[in-house]
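Novice: Need the 3D shape of this:
(2 chains)
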Amino acid sequence: MKDTQMTNAKISAKGVQVHYADTHAITDVSVEIADKTVTAFIGPSGCGKSTFLRCINRMNDTIDSCRVTGDIRIDGEDIYDVKVDPVQLRAKVGMVFQKPNPFPKSIYDNVAYGPKIHGLARNKAELDEIVEKSLRKAALWNEAKDRLLSPGTGLSGGQQQRLCIARAIATAPEILLMDEPCSALDPIATAQVEELIDELQKSFSVVIVTHSMQQAARVSQKTAFFHLGNLVEYGDTDKIFTNPEDPRTESYISGRIG
Amino acid sequence: MTHKSLLTADARTKKRNAAEARFKSYGLGAIVVAMLALALLLTSVVSTGSSAFKQTSATISIPLTEAKLDKSGTRDLAVMKKVTTIGYTSLLRDGIITAVEELGLETTLSAKDIGKMLSKEAAATVRNRVLANPEIVGTSVEFKLLTNGRIDGYFKGRVTMESAALDGNTSPEELQLAQQLADAGVFATTFNWAFLTAPDASDQRPEAAGLGVAILGSLYMMIVVLVLALPIGVAASIYLEEFAPKNRWTDVIEVNISNLAAVPSIVYGILGLAIFINFMEFNQSSPMVGGLVLTLMTLPTIIISTRAALKSVPPSIRDAALGVGASKMQSVFHHVLPLAAPGILTGTIIGLAQALGETAPLLLIGMVAFVREYPAAYSAGAGLFGEASTALPVQVFNWTQRADPGFVERASGAIITLLIFLLIMNAIAIFLRRKFERRW
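Specialist: This next block holds a predicted model:
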């Protein structure tokens, strides 16, 4: 508990190491992520930024060969403690994936699924309200309200990704992890999602992995640069992009590596 | 480099094009051979078997003389049962002779030979009817009775005047009389429902043999297989695919399941004989034992196809479910399983179809027995599906071993029936796949 008193970080990681079988994917990453900010993870492919993101809601547990050591705390609680049930953790830490992956069910059922399994609604009216609120927050309500019962897979790519965001925020998480949410989207849909991220920042701590430096610069307040499994530099986005301390960050941002 | 025209193909291109053309013709040739083989098979089976679905019968009036059938005149069933089918034979002979005389037909046949034109089964038909309604004794009642196999064969083109002349069981005169009776409407060839409903008959009366018991036995076995193999197979696949840790033990299990799918089916028959009949003492020839053996045989097929169906569900769906905080089991049962369902159903139905056509293991557990009685689904003595029965493919095997040429036709007819059942099952599999197939 000492750590939490020292900082007001939402997520604090200390000395995190990740191994896949024989590969050492992440070496000694320590980072503190503040509440109600957007934090971007940037870096070349294979640098471990997605792996680190997936440590925060323990999605790496599903990979047999993956071993995570070190200490990751959310609100001061060690999420890798044996007493932690990953199911509860994931309700608190929502996730949006690279490729839009709505369930092949109706738009309504997609959003209602999380609240249903976590028992967040006592009756149909409450559930309806959660669905509407989530879709509104995801800026999809106006497009979807007339076809809530049509399949989610019938939406366009950008709409599908916003549906996935609505689905993630329906369980009332405190942290939202986004793993390259715009890599499969066209520029217009990307702009919509970015606008949405700005909006979401008011209620959640958002962590976004992105390949696009422009995107990181546009949406985030804090940026972390990963390279070869190491966290090279972490700081205010403005500073990272204008005046990086590490020469590797500078090379990456100016396009010389990665 | 010299400039080459695009309008003329160079030697290398010509060679490649020729190779491609040759390959296409090999492929086409292979398909033609396969289609010819299929056409040959179907024509041969249909041409010999389709006549099994028609049957010649005689509609004649039989005098049920009281003096012969019920000497006491009390209509006491215990007494009437003492009159065997032999006692009825003379009445049948009288009936058909009267019919011949009433039509004024000339024949040189003896009364005994005329009587033989009716099937040996006919007397049993009349006797059963009389014992069911004793009050009809003393009257003349019109019956629709089977003719014997040779007469039946004559109307279906299997028996000719020439072959009859060489046959000890019939004669050209008999066939002529039969033709005259047919012209007069006494003999008629109609659709043979009894082929699908009647039980098997003995060697001398192919005309009375039917598939009823075999169809019912096969149905019972399919119920046992479905009830056992589907849940066990699906549960095993889900565990192996979604929950089991990937280590050496699961690898060993996986390899063994694949190997089990290739084990010759007769081995399962020996296993069934040793375990279910000798050790667990289930009744032999019973659909329960047959079903258990076929379950063992079908399980690997179902497990393999179910695992393939589960594998084909994109991992992004699992991630999505886990990402909103579903447990492993919720993600499997709410999302993965519904998407894999069409594949699982198709695999199950194909496994069932395979089991339906399986003969070898059933021979070993005694299902090749001659069964005259319909098995009950449940009886106090034999338990669930415990009464002796036979099965469709085994019935085919059984009939092809009999001497009378009438059984060749029956066996082919049974093959047609079996093929129709298999076609129906495959059609259901295709229908289910189309109906539940989803895109993501």
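
Novice: which residues does the residue nearest to the spatial centre of chain A form a beta bridge with?
Specialist: Geometric centre of chain A, nearest residue: residue A:177, 1.1 Å, by C-alpha atoms, centre = their mean. Beta-bridge partners for residue A:177, by DSSP bridges, are residue A:95, residue A:207.

Novice: distance of it from residue A:224?
Specialist: Residue A:177 sits 13 Å away from residue A:224, going by C-beta to C-beta, to the nearest Å. C-beta coordinates here come from the backbone N, C-alpha and C atoms, glycine included.

Novice: same question, residue B:248
Specialist: 40 Å.

Novice: Residue B:23 too?
Specialist: Taking C-beta to C-beta as the criterion, residue B:23 is separated from residue A:224 by 56 Å.

Novice: you'd agree the residue nearest to the centre of chain A is up against residue A:57?
Specialist: Yes: with contact defined as C-beta atoms under 8 Å, residue A:177 reaches residue A:57; the gap is 6.0 Å.

Novice: any common contacting residues for the two?
Specialist: Contact criterion C-beta atoms under 8 Å, 6 or more residues apart in numbering or on different chains; residues shared by residue A:177 and residue A:57: A:93-95.

Novice: If we only consider those residues, which is nearest to residue A:122?
Specialist: residue A:94 (21.6 Å; C-beta to C-beta).

Novice: ok, now which ones touch that closest one?
Specialist: Residues near residue A:94 by C-beta under 8 Å, 6+ apart: A:57, A:168-169, A:171, A:173, A:175-177, A:204, B:323-324.

Novice: pLDDT score assigned to it?
Specialist: pLDDT recorded at residue A:94 is 92.

Novice: A strand includes residue B:146, no?
Specialist: Yes: with DSSP: H, G, I helix; E, B strand; the rest coil as the criterion, residue B:146 is part of a strand.

Novice: Kindly state the beta-bridge partners for it.
Specialist: Assigned bridge partners for residue B:146, using DSSP bridges, are residue B:57.

Novice: does it really touch residue B:117, like I thought?
Specialist: No: assessed by C-beta under 8 Å, residue B:146 is found out of contact with residue B:117, at 10.4 Å.

Novice: And chain B, what are its domain boundaries?
Specialist: B:50-192, B:212-436 (automatic domain parsing).

Novice: Quick one: mean pLDDT for the first one?
Specialist: The average pLDDT for domain B:50-192 rounds to 88.

Novice: The last one too?
Specialist: Here the mean pLDDT over domain B:212-436 is 91, rounded to a whole number.

Novice: Let me see the contact set for the residue nearest to residue B:358 when sequence neighbours are not counted.
Specialist: In space, and not counting its chain neighbours, residue B:358 is closest to residue B:265: 5.6 Å by C-beta to C-beta, 6 or more residues apart in numbering or on different chains. The contact partners of residue B:265, taken as C-beta under 8 Å, 6+ apart, are B:297, B:358, B:360-361.

Novice: Could you identify the most distant pair in these?
Specialist: Largest separation among those by C-beta to C-beta: B:297 and B:360, giving 9.8 Å.

Novice: which one of these two has more residues nearby?
Specialist: Legend: neighbour count by other C-beta atoms under 10 Å in any protein chain shown for residue B:297 and residue B:360, higher for residue B:297 (27 against 17).

Novice: What strand or helix carries the nearest residue to that one once chain neighbours are set aside?
Specialist: Among residues not flanking residue B:297 along the chain, residue B:268 sits closest, at 4.7 Å (C-beta to C-beta, 6+ apart). Element membership for residue B:268 (DSSP states H and E) is helix B:265-272.

Novice: Buried by neighbour count: which residues of that helix qualify?
Specialist: Buried residues in helix B:265-272, defined by neighbour count with 16 or more other C-beta atoms under 10 Å in any protein chain shown: B:265, B:268-269, B:271-272.

Novice: Name the surrounding residues that touch stretch B:150-158.
Specialist: Residues from elsewhere that reach stretch B:150-158 (C-beta under 8 Å, 6+ apart): B:51, B:54-56, B:117, B:146, B:159-160, B:164, B:167, B:169-170, B:174-175, B:178-179, B:182, B:187, B:189, B:207, B:405-406, B:409.

Novice: Tell me the predicted confidence for residue A:251.
Specialist: Residue A:251 is assigned 89 on the pLDDT scale.

Novice: Right, I'll call it a day here.
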